[in-house]
Each structure stands twice: as structure tokens, then as C-alpha cells.
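Peer 1: structure for this input, please:
(one chain, ligands or ions: 1)
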Amino acid sequence: MRGVGLKVIASRIRDASDVFLFTHEFADGDALGSMVALTLYLQAMDKSVHAFVPGKIQSAFQFLATDKLLNTMSAAQAAVQIGAARVTCLSADAADIDRLGEWKSLFLSGAERLVIDHHDTNTGFGDVFAIDGSASSCCEILFDLFKTINPRLINTRIASALYAGLVADTGSFQYANTKALSLVHGAQLIDLGALPDEISRSVYESKSYESLKLVAASVAASRLMYGGQIVVSYVTRSMLADSSALDEDTEGITDELRRIAGTKAVVLFKEASDGSVKVSLRGKYGFNVKRIATTFGGGGHLLAAGCTIKSELGEAEARVLAELDRYLGPSRT
Ligand SMILES: [Mn+2]
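Peer 2: Reported below is the predicted structural model:
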């Protein structure tokens, strides 16, 4: 654990009366599970709490009541409240401040800024931070935090949100970040009422037909490179339009591509609506993709990382491949 540790974060939260919560753009299961769990837990502590999630919230997590609990306050209302009261801002699961998207300046205007994260690349933004790169998910850290504050406040809904984040970030306890402790935490959350079958169904079997068509298009467009070690694929604006899919529907594509035997890494180039290219990287067999993401100002974990390149798709691909050449040699076929 880098930073202040959970006891200090716990005492800052106890002292707060108004809390604004923040997480990263394209919020995944861990990000949304963290926001829902924190909202419910802080409500149970009788805090005034509002969560600000950038962009649109993916529908797969509606079973956690994301529509009722998150993004309930407008930017204008938030600005009024943060000007009138002492508001503690807490970011969870965001590796750097730019990932807070449109809510970055709101986070910065808080009276106090706390950061909880499990991304090794997090350099510790905010006034006080607790970063545990060995935790599988931010939800695992929050579970410890809630136990530190008062374990009796962890009800079934909070346990379900934490379990959802744990399942999402470990790929159902399959990825290398799955520690013995992750399974212990999973078991404890089931004891507290989380339903593993219901949550897995919601996380993995509640995709829109459009998102599946987008996965199919991206698999069809993929290329095996570097002697089959790397699979590269794309999500272009026209692929999104053709499948009637949304930007957030790109979630499952890397999971599908990483299933190919013999591949060490997946590189997915996604054309964003603002003209930049979002690059998602997934490694296997210990292939470090974080070093590639950080070269382009991104971050993440050893085996799951990402970055944004402000250029058109062809140039972004050329730059990332040039970086891969350094590790895999110049033969791209
Ligand atoms: Mn996470």
C-alpha cells in the first residue's frame, strides 16, 4: 500500500459530512461497483453523498441500481453545493486525474481530495491517497476500508456491488490478479448476501445484441501479427454505426480476442468520437502491456492497460506497432 493507508482514509471519511464520489471514464464493473458500494455505505453512515460518473453508464450494471444511485446531481447543483459547503471529494479506481473526464474540475474544487486505487501506475493525485497495486480491484480495497470503519454497515446490496467489481476485474477469478485473498474476500461477500450466479449473469450475460454484433465485426477485422503472438483489432466509427452499437459496447472485445491460443497480447484500437484513438491492451503469459501504455501517457496494470493517442487510427497503429517492434523484433508477419 502506497500513501496514507486505510486508517487515515477512514478517519477523513468519518469527519466528512458531504462527500462527492468520482471514478474513471468508460466506467467498468469495478468502477461502477465502487461507486455504488461507496454511495450505499456512506448513506448508511448518514453522509450526504453524490457520485459523478463520466459519460453514459453501461446498462449491464443496472442491477446495482446505478440509475437511481449515480449521477443524481447536475453539474450546476454540484457547483452550488461545493461552493456553499465543505465537500470531501473521493476518487476510486481512476489511475490518473484526467480519467475523471468531465468531472475533473469538480473533483479539484473539493475542500479535500482523497484517492483510493489499485493501479500501480497511479502516481498519487489528490491530497491524500491509498494505492494498493496488489489488490485485484478497487472493490477489494473498499471492502477492507468498510471493515475498518464499521463492518456492521456492510449490507447485502453493498456486498453485491463489491462482489460485482471483484468478479469484473478478476474475470471471474481467472486473471493473474486473483490472489488467495481475492477468493477469501469473495467468500466473505457471499456470506454477506452477494449472489454469485445472479451477479455473473448480470455482468456477463446481459449484453445487447448490437454489442455482440460489434464484437463479431471486430473479431472479423482482427489480424494476427508477430508470428501469431499479437492479435490486433479495431473499432472504427463506421463499425459502430453499422452495428448500431454504442461506444461503451466495446467492453467484451478484448476478452474475446484474448482467447486465441498462443497469443501473448491483444491490442484494440478504438476510434473515439472526439477524433482520438483509445488503445486497449491485454497481456497473457506475463507479457507486460503496461510499458506500452505508459509510453503514450496511459497506464493500468501489467496485463491490462490502456492509453489515448491523439491522432487518426492509421498513425496511432503505426506508433504502437513501432513500440511493439522494440519488444518482439521487426518482423510483424
Ligand atoms: Mn479496477
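Peer 1: switch to C-alpha atoms for all contacts and neighbour counts from now on
Peer 2: OK.
Peer 1: against which helices or strands is the helix or strand containing L166 packed?
Peer 2: Using DSSP states H and E, L166 falls within helix 156-170. When contacts are defined as 3 or more C-alpha pairs under 8 Å, 6 or more residues apart in numbering; DSSP states H and E, helix 156-170 sits against helix 29-44, helix 138-149, helix 180-191, helix 196-204.
Peer 1: out of these, which one sits most buried?
Peer 2: helix 29-44 (a mean of 25; mean count of other C-alpha atoms under 10 Å).
Peer 1: next SSE downstream of that helix?
Peer 2: Assigned by DSSP H and E, the successor of helix 29-44 is strand 48-52.
Peer 1: tell me which strands that following strand pairs with, and in which orientation.
Peer 2: According to DSSP bridges, strand 48-52 forms sheet pairs with strand 18-22 (parallel).
Peer 1: make JSON lines from the helices and strands packed on helix 156-170 and add mean pLDDT and distance to K264 to it.
Peer 2: Formatted as JSON lines, those follow (pLDDT from 0 to 100; distance: least, C-alpha to C-alpha, whole Å):
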{"stretch": "helix 29-44", "mean pLDDT": "98", "distance to K264": "24"}
{"stretch": "helix 138-149", "mean pLDDT": "98", "distance to K264": "26"}
{"stretch": "helix 180-191", "mean pLDDT": "97", "distance to K264": "24"}
{"stretch": "helix 196-204", "mean pLDDT": "92", "distance to K264": "23"}
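Peer 1: for those helices, give me TSV that also has distance to V289.
Peer 2: What follows is the helices and strands packed on helix 156-170, written out as TSV (distance: least, C-alpha to C-alpha, whole Å):
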stretch	distance to V289
helix 29-44	20
helix 138-149	20
helix 180-191	23
helix 196-204	24
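Peer 1: which of those sits closest to A272?
Peer 2: helix 29-44 (20.2 Å; C-alpha to C-alpha).
Peer 1: restrict that closest one to CA atoms and write it as CSV.
Peer 2: Extracted C-alpha coordinates of helix 29-44, given in CSV (Å, rounded to 0.1, in the frame of the first residue of the first chain):
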residue,chain,number,x,y,z
GLY,A,29,-17.6,-3.2,-13.3
ASP,A,30,-15.0,-2.3,-10.7
ALA,A,31,-15.6,1.4,-11.2
LEU,A,32,-19.4,1.2,-11.0
GLY,A,33,-19.3,-1.4,-8.2
SER,A,34,-17.0,1.0,-6.3
MET,A,35,-19.4,4.0,-6.8
VAL,A,36,-22.5,2.0,-5.8
ALA,A,37,-20.8,0.4,-2.8
LEU,A,38,-19.4,3.8,-1.6
THR,A,39,-22.7,5.6,-2.1
LEU,A,40,-24.7,3.0,-0.1
TYR,A,41,-22.1,2.7,2.6
LEU,A,42,-21.7,6.5,3.1
GLN,A,43,-25.5,6.8,3.1
ALA,A,44,-25.5,4.1,5.9
